[in-house]
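**Q** Dropping a prediction and its sequence here:
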Amino acid sequence: MTVRQLHLLGSPVLRQRSTPVATVDDAVQRLVDDLFETMHAAKGVGLAANQVGIARRVAVVDVGADGPPPLVLINPRIVQASDVVETAEEGCLSIPEIYGEVERHVGISVEALDRDGHPYKVELSGFKARAAQHEIDHLDGVLFLDHLSAVKRGLLLAKWKKSRKGQSGYVKDVTPEPAGEL
Ligand code: NI
């Protein structure tokens with residue numbers, strides 16, 4: 001497994017609509033494993049393939065003790081969503097240090113393929129449902145910022161640009177912290 005480089009806001013691949021996976025082969029399984037590795041190293045709770053520069057419909061979610069087990073989402077589709085919505089703060093590994101209040105469905109049903117290419121359906125609620133909606137958005141080139149008001153988005157983009165001053169490029173190495181640290 002490899003920790004891959006993260007693509008940050010400004011990298012065109014984040015705005016691409018990703019292509020469905022035709023066959024879950026070795027390369028796709030390796031991608032799934034690398035997504036988990038990279039997400040854990042970056043201390044994230046979800047990661048989509050285009051965040052590591054690959055525009056295919058593959059994402060992972062692991063909210064830890066808040067909602068095991070981890071999810072592998074290959075070609076995921078939200079087939080049902082609750083009318084009830086909830087607003088809570090979200091961030092994104094591709095837009096570090098920027099957070100916004102995003103409205104999401106409290107519950108969703110998702111159909112997807114697992115790491116073995118088998119179709120499954122899962123009901124998600126709460127934080128895990130939020131994380132899955134965020135990742136499925138990524139596969140369509142949508143970022144959490146797009147759900148905010150134009151004013152709020154403008155403020156956060158200004159803050160982002162300021163934080164990026166003097167830095168070039170839109171990929172970043174993930175440096176895993178030594179294990180065992182609290
Ligand atoms: Ni994200």
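**A** In hand now; what should we look at?
**Q** for the chain, what helix or strand is lowest in average pLDDT?
**A** Ranked by mean pLDDT, DSSP states H and E, the weakest helix or strand in the chain is strand 171-172, scoring a mean of 91.
**Q** could you point out where this structure is predicted with low confidence?
**A** The model of the chain has pLDDT under 70 over residues 177-182.
**Q** So what touches the one helix or strand residue 131 maps to?
**A** Assessed by DSSP states H and E, residue 131 sits inside helix 126-139. Residues outside helix 126-139 that contact it (CB atoms under 8 Å, 6 or more residues apart in numbering) are 14, 17-18, 45-51, 57, 59-61, 63, 66-67, 71, 73, 76, 78, 86, 88, 90, 92, 102, 104-108, 110, 124, 143-144, 146. Glycine gets a C-beta too; all of them are placed from N, C-alpha and C.
**Q** So for that helix, what gets flagged as buried?
**A** Buried positions in helix 126-139, judged by neighbour count with 16 or more other CB atoms under 10 Å: 127-139.
**Q** Next: stretch 67-76.
**A** Across stretch 67-76, burial judged by 16+ other CB under 10 Å covers 67, 70-76.
**Q** Restricted to strands, list those.
**A** If you go by DSSP state E, those have 71-76 in strands.
**Q** Pull the most distant pair out of those.
**A** Farthest-apart pair in those is 71 and 75; separation 13.2 Å (CB to CB).
**Q** Need the overlap of contacts for these two.
**A** residue 112.
**Q** Quick check: residue 146 is in a helix.
**A** Yes - checked against DSSP: H, G, I helix; E, B strand; the rest coil, residue 146 lies within a helix.
**Q** Great, nothing more from me.
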